[in-house]
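Undergrad: from the sequence below, what's the structure:
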Amino acid sequence: MSTSPVWPHEDGAMTRRKFLKLSMATAVAATAGKLACGADAKADIPRRPIGNTGEKVSVIGLGGSHIGRPTESESIRIVRTAVDSGVNFMDNCWDYYGGECEVRMGKALRDGYRNRVFLMTKIDGRNKQTARQQLDESLRRLQTDHLDLLQIHEIGNADDPDRVFAAEGAIEALIEAQKAGKTRFLGFTGHKNPDMHLKMLDAAAAHQFRFDTVQMPLNVMDPHFESFEKRVLPFLLKQNIGVLGMKSMGYGRILESRTVTPIECLHYAMNLPTSVVITGCDSLPILQQALDAARSFRPMSETQVSALLAKTADAAKDGRYESYKTSHSFDGTHYHPKWLG
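TA: Presented below is the predicted three-dimensional model:
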């Protein structure tokens, strides 16, 4: 199977401190071999457990934002080809392309495809009313009566945890939706700063709440700058919370450094104890690249990992190729604060 690069257009505090001291090398060594197994017999795409949900998802997930780029018919082809090839994790969000990405995915998941996937979307609302409204809009667009996973999107503001867990906060809408059968599992996402993820997890613990999943950037440059891998991943593993990796190529920015190939980026992210690596595919060749990476993945040795990190160390040291951490360029809610409610 060819893996030639196809360059895309983008592509208790004391307890926490103890978690952060966990050795990532040990975690990877203990889990990488297990996670590489369990391939779908038909499509040969590996599947991995997603936290303690009891579900297994494809090692590669289809990113929702990129299907807003090509024509609608091409988007539908991409989604259905992914599913037919063994990809069962579908990512989306209430705000992608003004809701168009959910509309397209809803159309693609007709004719029996919905029952073959683990469907996730995200909402921006920080209060109960806004979160509830956005969820209902998403369900209509996606043409389904329930999600497999609903996540609070873009946790990155200092007051986000307090707003989400306040009286009449978004968490009440999520719990209400879960009880009503509108979603099976609950999580949150963010790309700004690992400290914000830890604060969100602390807020959840303080309210006797446990998230099923957390989504965050995990890539070959992350360990060198404001690292989610080093600071958040150990906590999630200890708690058996599903790890959803995103921005394996930094939305294409990492590729601009010309230090690593797309396949190397995907393999690095798969080598971490991620439940799924969500990657954007705006064409069939880019989807094929992701499929090839999933099928060709083998657990990497410490030497291989070290070699990849050495290649990216200089370029990654100031975060210039991870601008979602250092600027507002990827913060939709910064430019549209009304989405928060």
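Undergrad: from memory Thr81 sits against Leu284, does it?
TA: Yes. Proximity of Thr81 to Leu284 meets the contact threshold set by Cβ atoms under 8 Å, at 6.4 Å. (Glycine included, C-beta is placed from N, CA and C.)
Undergrad: more crowded one of those two?
TA: Thr81 (17 against 14; other Cβ atoms under 10 Å).
Undergrad: check what pLDDT the more buried one gets.
TA: If you check Thr81, the pLDDT there is 98.
Undergrad: repeat that for Thr31.
TA: According to the prediction, Thr31 has pLDDT 41.
Undergrad: one step back: quickly list what's touching both of Thr81 and Leu284.
TA: Common contacts of Thr81 and Leu284 (Cβ atoms under 8 Å, 6 or more residues apart in numbering): none found.
Undergrad: okay, now Arg295: neighbour count?
TA: When neighbours are defined as other Cβ under 10 Å, Arg295 has 18 of them.
Undergrad: no no, Gly54
TA: For Gly54, the neighbour count with other Cβ under 10 Å is 8.
Undergrad: you'd agree it is in a strand?
TA: No. Read with DSSP: H, G, I helix; E, B strand; the rest coil, Gly54 is coil and lies in no strand.
Undergrad: ok, it to Gln215 distance?
TA: To Gln215, Gly54 is 19 Å away according to Cβ to Cβ, to the nearest Å.
Undergrad: for Tyr268, same thing?
TA: Distance, Tyr268 to Gln215, by Cβ to Cβ: 17 Å.
Undergrad: okay, now the closest residue to Phe330 other than its chain neighbours: neighbour count?
TA: Closest residue to Phe330 apart from its sequence neighbours, by Cβ to Cβ, 6 or more residues apart in numbering: Tyr324 at 3.9 Å. Tyr324 has 21 neighbours, counted by other Cβ under 10 Å.
Undergrad: was I right about Tyr324 contacting Gly252?
TA: No. Counting by Cβ under 8 Å, Tyr324 stays clear of Gly252, with 11.4 Å between them.
Undergrad: list residues touching both of those two?
TA: Between them, Tyr324 and Gly252 share no contacting residue, judged by Cβ under 8 Å, 6+ apart.
Undergrad: then stretch 302-313 to CSV, C-alphas only?
TA: Only the C-alpha atoms of stretch 302-313 are listed here, as CSV (Å, rounded to 0.1, in the frame of the first residue of the first chain):
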residue,chain,number,x,y,z
GLU,A,302,11.1,5.1,21.1
THR,A,303,13.9,5.6,18.7
GLN,A,304,11.4,6.4,15.9
VAL,A,305,9.4,8.8,18.0
SER,A,306,12.6,10.5,19.2
ALA,A,307,13.7,10.9,15.6
LEU,A,308,10.4,12.6,14.6
LEU,A,309,10.4,14.9,17.5
ALA,A,310,14.0,15.9,16.8
LYS,A,311,13.0,16.8,13.2
THR,A,312,10.3,19.2,14.5
ALA,A,313,12.0,20.6,17.7
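Undergrad: now do the helices in the stretch 201-341 of the chain.
TA: 228-231, 233-239, 253-256, 262-271, 284-296, 302-316, 323-326, 332-335 (DSSP state H, counting those that start in this stretch).
Undergrad: among those helices, which is nearest Ile67?
TA: Closest to Ile67 of the helices of the stretch 201-341 of the chain is helix 284-296 (Cβ to Cβ; 10.2 Å).
Undergrad: touching, Thr189 and Val214? I think so.
TA: Yes. Using Cβ under 8 Å, Thr189 makes contact with Val214 at a distance of 7.5 Å.
Undergrad: show me the shaky parts of the protein.
TA: Scanning the chain for pLDDT under 70 picks out 1-43.
Undergrad: the closest residue to Gln239 other than its chain neighbours and Pro49, how far apart?
TA: Nearest in space to Gln239, with sequence neighbours left out and distances taken as Cβ to Cβ, 6+ apart, is Arg210 at 7.4 Å. Plainly put, Arg210 is 16 Å away from Pro49 if you go by Cβ to Cβ.
Undergrad: now do Ala310
TA: Counting by Cβ to Cβ, the gap from Ala310 to Pro49 is 31 Å.
Undergrad: those two: who's more crowded?
TA: Each of Ala310 and Pro49 has its neighbours counted (other Cβ under 10 Å); Pro49 has more, 16 against 10.
Undergrad: beta partners of the more buried one?
TA: On the basis of DSSP bridges, Pro49 is bridged to Lys56.
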